[in-house]
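> Mind looking at a prediction? Sequence and model below.
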2 protein chains.
Amino acid sequence: MRESETDEIRGLTIFADMDDAAFARLCRAAYVQTFPPQVELFAEGEPSDFLHILVAGQVELCAHWNGRETIMEIVRPVSSFILAATIRDAPFLMSARTVEKSRLVLLPSQDVRDVFDTDGAFARALVRELAGCYRGVVKSSKNLKLRSGIERLANYLIRQQDLAGGAPSFVLPVEKRKIAALLGMTPENFSRALRLLGEYGVANDGMTITIADRKSLVRLAKPTRMIDDPEV
Amino acid sequence: MRESETDEIRGLTIFADMDDAAFARLCRAAYVQTFPPQVELFAEGEPSDFLHILVAGQVELCAHWNGRETIMEIVRPVSSFILAATIRDAPFLMSARTVEKSRLVLLPSQDVRDVFDTDGAFARALVRELAGCYRGVVKSSKNLKLRSGIERLANYLIRQQDLAGGAPSFVLPVEKRKIAALLGMTPENFSRALRLLGEYGVANDGMTITIADRKSLVRLAKPTRMIDDPEV
DNA sequence: CGCATACTTGAAATAAGTCAAGAAAAGTGG
DNA sequence: CCACTTTTCTTGACTTATTTCAAGTATGCG
């Protein structure tokens, strides 16, 4: 990996405070690769030989059972994913597929575990990151168990509006069918739910959503820090 | 905490390989407490001042939103819980309540973080444990999104039979209503689903389940390592 | 024994999924 | 750039799954 490439990930919170030498050790056998859209990076059940870091593009993590498929998470840059599998040297619980053209840094899992043992700052950052991931899944699970489809959608839209800077109109980051799968609903059900949100001031033109009356939408969605705040 | 008490948790995987001095440091300000059944140990949103370890009894972790409640996990001894909140020094995402009379060891979160920084073996064990927790929630989330209620119940029963040693008859570890909440269904729906499983050789007398035809049940449940194996 | 609570069952309502078809959008190749 | 293909999105009609409400039964506890 060249220096221009290592720079792209040096700023990541998991590397921020670590020693230069330890970082260099991590990068030694790392490599960068660009993938076209719709490419499977790895599948559920395979050994987790590399910690993946998404530098550019978009990746979906999905899961399968009995012929059914669902999307567990959509990863956006710059962030690492499948950290837990790397740490436990366990098979992937999810498959990963590029949504668009994406650039990834791959760090050998063995190196990650080795450097964890030698660099305290990295160990601290890594366990913090993993704890954050854990809490993310717990929140997503609460979202699924405590809310109906339309409530999940309403909260999703509020979150996306915030991520997009808060303007009334914003563009959805991925296909609707993928958002539907992420929220645990069918595309048809998603489409109908979106139409029902018209009652709450949500308009929808292609991939563009306009929230005319955010207060009304919030009254329905009832977002809470304990589910919807990524900082908590 | 007395020595007889520290012995109860010394064998836990997260403490197994650590230094005696570091373990002593952890136990210095720790204390043991016994709680009656149905006591709330802490609530969602409170600061996580202690890492909790369940030594005896049973504890449920639940979550609330908009007047609804669900059970996220039922903790059985001996295991730690809410590790992620401790590590991030963040508020609890779940509430905890004793199901039966329970004995807990409470380790000050600050001490856990401090010892993490000084004892490499503890750091390693802790990050491994947390990664295991993460994977547990991912599996539970896959279970919820990919399976119907009756499929979740069928897999739950198979798992419980294994935990109970594999005999055809075994006793459910908690009230049915709690299992229902854990599986993301209503008590009524749970009751009906259990009756439907009669078609697959499952009989039900009070809290005792008898699986007459495990093969038939497995054909329905289709358990998979990537969801149902706690070792993976 | 009597009370409170959990469990079960039925009937009805609601939520969500399936199937099918048309409209819109995106991608392909000449 | 345009026809053509493919895929996504939407909508309607219908089926299935799940929840809710209500009542009765069983169970456990003081």
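Alright, I've got the coordinates. Residues are numbered from 1 along each chain as shown, chains lettered A, B, ... in the order given.
> Geometric centre of chain A: which residue is closest?
residue A:75 (3.0 Å; CA atoms, centre = their mean).
> Name the nearest residue to it, sequence neighbours excluded.
residue A:59 (4.5 Å; CB to CB, 6 or more residues apart in numbering or on different chains). Heads up, the C-betas are built off the backbone N, CA and C, glycines and all.
> pretty sure the one you found contacts residue A:101?
No: using CB atoms under 8 Å, residue A:59 is not in contact with residue A:101, being 10.9 Å away.
> which of the two has more neighbours?
The neighbour count for residue A:59 versus residue A:101, taken as other CB atoms under 10 Å in any protein chain shown, is higher for residue A:59 (23 against 14).
> The worst-scoring helix or strand of chain A on mean pLDDT: which residues count as buried?
Least confident element among the helices and strands of chain A, by mean pLDDT, DSSP states H and E: helix A:3-10 (a mean of 86). Neighbour-count burial for helix A:3-10, with 16 or more other CB atoms under 10 Å in any protein chain shown as criterion, is recorded at A:5, A:6, A:8, A:9.
> Throw those into a markdown table and include distance to residue B:132, thanks.
Below are these laid out as a markdown table (distance: CB to CB, whole Å):
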| residue | distance to residue B:132 |
| --- | --- |
| A:5 | 32 |
| A:6 | 31 |
| A:8 | 31 |
| A:9 | 26 |
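> the residue most distant from the middle of chain A, which is it?
Max radial position in chain A (CA atoms, centre = their mean) goes to residue A:199, at 29.9 Å.
> quick one: that one is in a helix?
Yes: counting by DSSP: H, G, I helix; E, B strand; the rest coil, residue A:199 falls inside a helix.
> Residue A:180 and residue A:145, how far apart?
18 Å (CB to CB, to the nearest Å).
> Neighbours of residue A:61, how many?
Other residues within reach of residue A:61, judged by other CB under 10 Å, total 22.
> Likewise for residue A:40?
Each residue near residue A:40 was counted by other CB under 10 Å, and the total is 11.
> Beta-bridge partners for it, please?
residue A:97 (DSSP bridges).
> Just the pLDDT at it, thanks.
Looking at residue A:40, its pLDDT is 95.
> Over to residue A:13?
pLDDT recorded at residue A:13 is 92.
> check contacts around it.
The neighbours of residue A:13, taking CB atoms under 8 Å, 6 or more residues apart in numbering or on different chains as the test, are A:125, A:128, A:129.
> Mind checking if whichever helix or strand comes after the least confident helix or strand of chain A is in reach of chain B?
For helix A:3-10, the following helix or strand on the C-terminal side (DSSP states H and E) is helix A:20-28. No: using CB under 8 Å from any CB of the partner chain, helix A:20-28 never reaches chain B; the gap is at least 14.0 Å.
> Correct me if wrong: residue A:137 contacts residue B:138.
Yes: with contact defined as CB under 8 Å, residue A:137 reaches residue B:138; the gap is 5.8 Å.
> the more surrounded of these two?
More neighbours surround residue B:138 than the other of residue A:137 and residue B:138, with 25 against 22 (other CB under 10 Å).
> The least confident helix or strand of chain A packs against which elements?
Secondary-structure packing of helix A:3-10 (3 or more CB pairs under 8 Å, 6 or more residues apart in numbering or on different chains; DSSP states H and E): helix A:20-28, strand A:50-56, strand A:102-108.
> rewinding a little: relative to chain B, which of the buried residues of helix A:3-10 is nearest.
Of all the buried residues of helix A:3-10, chain B sits closest to residue A:9, with 19.9 Å by CB to the nearest CB.
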